[in-house]
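J.: Sequence first, then the predicted structure:
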Amino acid sequence: MAQSKQKTDREMLLDILHFAPGKTSAEDLLFNYKDVLYPSTICSKEMFEALETFEARDDDLMIVTYPKCGTNWVIQILHEMVSIIKNQETVLDQPMIEFGSPQMLERLKEQPSPRILSTHLNFQMIPKSFFEKKTQMLIVIRNPKDAAISFFNFYKNMPALPTYESWNLFFNDFIHGNVCYGSYFNYLVEWNNHIDEGNVMAITFEDMKTDFLTQLKKISEFFGLPLTDEQLCEVERRTSFTSMKQKSEDTHGKLGDAFFRKGQIGDWKSLFNEEQSKEVDAKFQQHLDKTKLGDLLNYAKYCKF
Ligand code: A3P
């Protein structure tokens, strides 16, 4: 009789996100930890406590993002880079260090270096060992209006997250930080205050879209992954939106379309009204204008009607 293949941690986590059995309300699907909401099917207090003693390595490749800013894109980029250098396929593993159970962290201990890790946790929640070990951390940020639209659609298409009846209701929660992983503005402000600590490099979704090869070169240099121009072009080809969307059923199962939706800049103009746009402008002005991360976002170019 054919033996059924044992699922990897990653496949199990994707299943959990896809099925969320019997749960539909925000009360069932979200929980609050230190004043921030998290998806309860996949995150837990137990896991957050276990992460406090997580042992980072100095050669981990760590990706840090607020949701919907291009996490899966950069994860794939690093996998392609490492697999070219090692001349062997790397296996996509646990999507975020905070997902699943503490046993998964035990299994991460056994993974050979370099481990490709990622997290949506805010600065305060990132295990201290990443800073002690001076692990290279790449933070990927995106203009807040497109991030909001992407998040709204993700909520709609993800059974593990509650559904909003309208964009306006989602916007209201987004602007007040009442969504999973909390306020994007707080997230950026906190990181901005610490951007010069540790080995951190920030890049934007928009620069990746408009000048992809330059950003790939920056990423490979930052992580010490030496690649020829030809190899960088190969990474570019394998991680284009079209190519990743085509492979998304293999990489993300039934959730492929939710993770790879449009991959564009400026989709926010389809749903934002003038008042909502001004609310985000005011938040940006108040918290991020003339800051390092604020400047990097090129707000005037990407966030004005
Ligand atoms: P949209 O919803 O605007 O399409 P994350 O991986 O952090 O969840 O981010 C998801 C967003 O990144 C989605 O944005 C998705 O389409 C976009 N994305 C993923 N891979 C991409 C790629 N190769 N090129 C451009 N955008 C990509």
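T.: Done, it's in. Numbers count the residues shown, from 1 in each chain.

J.: Run through the residues of the stretch 1-150 of the chain sitting next to the ligand.
T.: For the stretch 1-150 of the chain, the residues in contact with the ligand (C-beta under 6 Å from any ligand atom) are 65, 67, 68, 69, 70, 71, 72, 73, 146, 150. (Glycine included, C-beta is placed from N, CA and C.)

J.: Neighbour-wise, give me the winner out of these.
T.: Within those, neighbour counts (other C-beta atoms under 10 Å) peak at residue 65, which reaches 26 neighbours.

J.: Who's the closest spatial neighbour of the spatially most central residue of the chain, skipping the chain neighbours?
T.: Closest residue to the average C-alpha location of the chain: residue 71 at 3.3 Å, with C-alpha atoms, centre = their mean. Using C-beta to C-beta, 6 or more residues apart in numbering and skipping residues adjacent in sequence, the residue nearest residue 71 is residue 65, 4.4 Å away.

J.: residues contacting that neighbour?
T.: The contact partners of residue 65, taken as C-beta atoms under 8 Å, 6 or more residues apart in numbering, are 71, 74, 118, 119, 120, 139, 140, 141.

J.: What is the nearest of those residues to the ligand?
T.: Within the contacts of residue 65, proximity to the ligand (C-beta to the nearest ligand atom) peaks at residue 71, which comes in at 3.3 Å.

J.: Distance of that closest one relative to residue 282?
T.: Per C-beta to C-beta, to the nearest Å, residue 71 is found 27 Å from residue 282.

J.: Please, where are all the strands along the stretch 51-200 of the chain?
T.: Remark: strands assigned in the stretch 51-200 of the chain by DSSP state E, counting those that start in this stretch are 61-65, 116-119, 136-141, 199-204.

J.: Determine which of those strands approaches residue 295 most closely.
T.: Nearest to residue 295, of all the strands of the stretch 51-200 of the chain, is strand 199-204, at 10.4 Å by C-beta to C-beta.

J.: Give me the buried positions along stretch 104-116.
T.: For stretch 104-116, a neighbour-count test (16 or more other C-beta atoms under 10 Å) marks 104, 105, 108, 114, 115, 116 as buried.

J.: scratch that, stretch 27-44
T.: Neighbour-count burial for stretch 27-44 flags 29, 30, 36, 37, 38, 39, 40, 41, 42, 43, 44 (criterion: 16+ other C-beta under 10 Å).

J.: now the residue nearest to residue 71, which residues is it bridged with?
T.: Counting by DSSP bridges, residue 65 forms beta bridges with residue 140.

J.: can I assume residue 83 is in contact with residue 89?
T.: Yes - assessed by C-beta atoms under 8 Å, residue 83 is found in contact with residue 89 at 5.4 Å.

J.: out of the strands of the stretch 51-200 of the chain, deepest packed?
T.: Mean neighbours per residue, mean count of other C-beta atoms under 10 Å, is largest over the strands of the stretch 51-200 of the chain for strand 61-65, with a mean of 25.

J.: got the angle for it vs strand 136-141?
T.: Put simply, strand 61-65 runs at 20 degrees to strand 136-141, going by axes from the mean of the first three to the mean of the last three C-alpha atoms, to 10 degrees.

J.: From the chain's centre, how far out is strand 61-65? Work that out for me.
T.: 8 Å (C-alpha atoms, centre = their mean, to the nearest Å).

J.: can you pull out the helices in the stretch 201-305 of the chain?
T.: Applying DSSP state H, counting those that start in this stretch to the stretch 201-305 of the chain gives helices spanning 205-210, 212-222, 229-238, 241-246, 248-252, 256-259, 274-287, 292-297, 299-302.

J.: in this structure, what spans have low per-residue confidence?
T.: The chain contains residues with pLDDT under 70 at 1-5, 20-23.

J.: Return the set of residues that bridge with the nearest residue to residue 30 once chain neighbours are set aside.
T.: Nearest residue to residue 30, sequence neighbours excluded (C-beta to C-beta, 6+ apart): residue 37, at 4.7 Å. Counting by DSSP bridges, residue 37 is bridged to residue 32, residue 180.

J.: From residue 158, how far out is residue 37?
T.: To residue 158, residue 37 is 14 Å away according to C-beta to C-beta.

J.: Settle this for me: residue 268 is touching residue 151, isn't it.
T.: No - counting by C-beta under 8 Å, no contact exists between residue 268 and residue 151, whose distance comes to 11.1 Å.

J.: got any residues that touch both of these two?
T.: By C-beta under 8 Å, 6+ apart, no residue touches both residue 268 and residue 151.
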